[in-house]
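Engineer: return a 3D structure for these sequence lines:
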Amino acid sequence: MAKLVQPGAVTTESKSESVLRKYPPLIFLVIVLLIAALVLPSALNLPQSNPTTVLEYAPVPPEDDEPPPSAEGNISSLGLGSSSGLTTGAPPSVPQVDPQKKGGSGKRPVTKRCVGKPLRQTEDPNSPPCVPFFEGDNGGTTWQGVTKDEIVVLVYLSGYTRLNGESSPARGTYCDLDGPPDKQPGCMDGNTQANDVDFIKARRALSQYFNERFQTYDRRVHLWAFWTGSASSAATRRADAAGNWDRLKPFAVLDNAFFGGFNEVYAEAMTRRRVNVYGSFVGLPNSFYRKNAPQVWSFWPDIEHTADMFVSYVCSKVAPFPVAHSGNAGENGKARKYALMSTSDRNFPGLAYFAQLTKLGLENCPNGAKLDIAAEVAYSRNQFSTDTSPEAAQEARTNVGKMQTSKVTTILWLQGHETQHSLAAKNADWYPEWVFAGDGLQDGINVSRDQQQDVWAHAWGMTNFLNEAVPRERPCVQAFREVDPNYEGRGVNFVDGDACRAYRDMFQLFKSIQLAGPHLSPSTIDQGHHAIPRYTSNDPRVAACFYDPGDYTCVKDAQEVWWDSNAPDPEGDADEKGCYRMVASGKRYLAGTWPTSDDVFKNTSDPCNTVTVQGFIGTPV
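Structural biologist: Modelled structure (predicted):
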């Protein structure tokens, strides 16, 4: 039996609470909507929806004290028990805001341009139910960084230098996204001195978009950007947090510092100052979120949920079948012999924890399937880019030789990224099956094109990515183009590179504000998210987003993809080939609901996904 070691586990006592008492803001809001629908003048031309539609679509809590249904997957079998499980313990308490405290009042109802049937806030199919207007008391100063008119939010950014010569502003620079660009020369493109740097242009447009489209209860979300360096340490992250607090005392931070690591250190330093943190974190354990609850939120799932999805996937979609997708003569049709491949890089403890959870889960497949594990191999240097060092090459040759000697047919890659193993396999003229667990990087187009293509032509796996098959129909692209339809820069590649990296974090922030209701605080955000019922997505563009008890991450489902090395580039680049094709157009499954079938490599009309990266995995701690 594999021994489970959970980094930073937090143990708290279980406590059952009434869901109805936990979520007064939305109940208040529904009452306001019903009253306003009767008294508002018709000249406002508000979107029409009857009370029944609003109540059915909005995440209104149940009318009893029954706990939410348990997860349908295999989390309990992954050793999460009563000491650190997702369903145990209440989050640490936070200072409560007096709900009777008076503050600013809405001047008049503000119409929001909601869309869809039933109405949702924006064209993004993941948007929350429509809140078309607000009229009344928003509570004024309900938390630090919040007034009756404004919510102060900081965007925390890494330094960079682009291939076109553009460099980010100097370390320590603050940029006011509501301020005029020509009054902030330190925030402008050093090449032209006439435009925002790309990262600022993208976020300025998204700030305008989300403020116009989401309900913020007569407050404007005022974003500032702060530039840290491209390299970092625990000490510099703590220093940044202290300086950001002294300068702005923000309500929230969007952690978009993609380089340098130690993001967890920065997040913890901010939560100690009662600042909420949003980030596209990938590869962080549930214990990290619980330790900082309820002030750190992520769109993408924590390690435990991802491991549960992958165990369920392998047990249902791989283990019951013989070899079918090998490039080695005589292997197809035989029983599978597996290798487990993971990283031993100490800079990525989240990846090691994911591997431990997965190994434990695969020993006890919920459907009784058995895996013949013939070898386990590890690589010591997990890389975002290609590692061409002699040490990495020799390590890969040794691992490939061990797997060949063990007669491995199928490699289960337990997250992480590097490219030397596919090169070593090619040099050995060895083409086994590769089944990977998506981590937001390995399942992206760009890094998979760095693998040896005749080797990677036998790769498939599970990813949390949503179906975003048409570049210009991606929600991040639509949001940017709504604000700046005439942008003539690098086209979709620009939006994908900058606005799309920022989109999910900003989406999660504005969704939190809307769900919290007028009296904004970490407590009402927590209540709003945890009032969302468990559900299954029937749209491959939509994540099943809900929050288990003690859980602070959104996505709970995944899809299956396979690599087509001959596919034309989805964005029309004639010099690029290869994409991940989405089985059944990206049909999504919760853990425990994967069908028992082998569906990869069968349909070349499966659409290609265009996503490149969803976050940066397992940043060092």
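Engineer: pLDDT weak spots in the stretch 151-300 of the chain?
Structural biologist: 161-166, 189-195 (pLDDT under 70).
Engineer: same question for the stretch 1-150 of the chain.
Structural biologist: 1-110.
Engineer: ok, now with 50
Structural biologist: Where the stretch 1-150 of the chain drops to pLDDT under 50, the residues are 1-3, 5, 8-106.
Engineer: can I see the domain layout of the chain?
Structural biologist: 19-67+98-278+471-525, 305-464+557-590 (automatic domain parsing).
Engineer: in CSV, list those along with mean neighbour count and distance to A293.
Structural biologist: Bear in mind the C-beta positions are built from the backbone N, C-alpha and C, glycine included. CSV is the format used below for the domains of the chain (neighbours: other C-beta atoms under 10 Å; distance: least, C-beta to C-beta, whole Å):
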stretch, mean neighbour count, distance to A293
domain 19-67+98-278+471-525, 19, 9
domain 305-464+557-590, 20, 16
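Engineer: which stretch among those comes nearest C608?
Structural biologist: domain 305-464+557-590 (3.6 Å; C-beta to C-beta).
Engineer: paired strands for the longest strand seen in the chain, with orientation please.
Structural biologist: As assigned by DSSP state E, the longest strand anywhere in the chain is strand 557-568. Strands that pair with strand 557-568, judged by DSSP bridges, come out as strand 459-463 (antiparallel), strand 577-582 (antiparallel), strand 589-590 (antiparallel).
Engineer: mind checking which of those is nearest A567?
Structural biologist: Nearest of the strands paired with strand 557-568 (C-beta to C-beta): strand 577-582, 4.4 Å.
Engineer: ok now the closest one, how far from the chain's centre?
Structural biologist: 21 Å (C-alpha atoms, centre = their mean, to the nearest Å).
Engineer: what residues does it touch?
Structural biologist: 443, 445, 448-449, 453, 456, 463, 467, 469, 540, 559-570, 603-604, 606-610 (C-beta atoms under 8 Å, 6 or more residues apart in numbering).
Engineer: what's the answer for stretch 592-601, then?
Structural biologist: For stretch 592-601, using C-beta under 8 Å, 6+ apart, the contacting residues are 71-74, 312-313, 316-318, 320-321, 324-325, 366-367, 460, 536, 560, 562, 583-584, 589.
Engineer: now name the helix or strand holding V152.
Structural biologist: If you go by DSSP states H and E, V152 is part of strand 150-157.
Engineer: what helices and strands are in contact with that strand?
Structural biologist: Applying 3 or more C-beta pairs under 8 Å, 6 or more residues apart in numbering; DSSP states H and E, we find strand 150-157 packed against strand 220-227, helix 234-248, strand 252-256, helix 500-516.
Engineer: that one vs helix 500-516, what angle?
Structural biologist: Angle of strand 150-157 versus helix 500-516, following axes from the mean of the first three to the mean of the last three C-alpha atoms, to 10 degrees, is 150 degrees.
Engineer: which outside residues touch whatever helix or strand comes next after strand 150-157?
Structural biologist: In the C-terminal direction, the helix or strand that comes right after strand 150-157 (DSSP H and E) is strand 174-176. The contact list for strand 174-176, computed with C-beta under 8 Å, 6+ apart, reads 169, 184, 186-187, 200, 224-227, 247-248.
Engineer: between those residues, which is nearest R113?
Structural biologist: I200 (25.7 Å).
Engineer: can you list the strands paired with strand 557-568 in a markdown table and add mean pLDDT and distance to V155?
Structural biologist: Shown next, in a markdown table, are the strands paired with strand 557-568 (pLDDT from 0 to 100; distance: least, C-beta to C-beta, whole Å):
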| stretch | mean pLDDT | distance to V155 |
| --- | --- | --- |
| strand 459-463 | 97 | 27 |
| strand 577-582 | 95 | 29 |
| strand 589-590 | 98 | 32 |
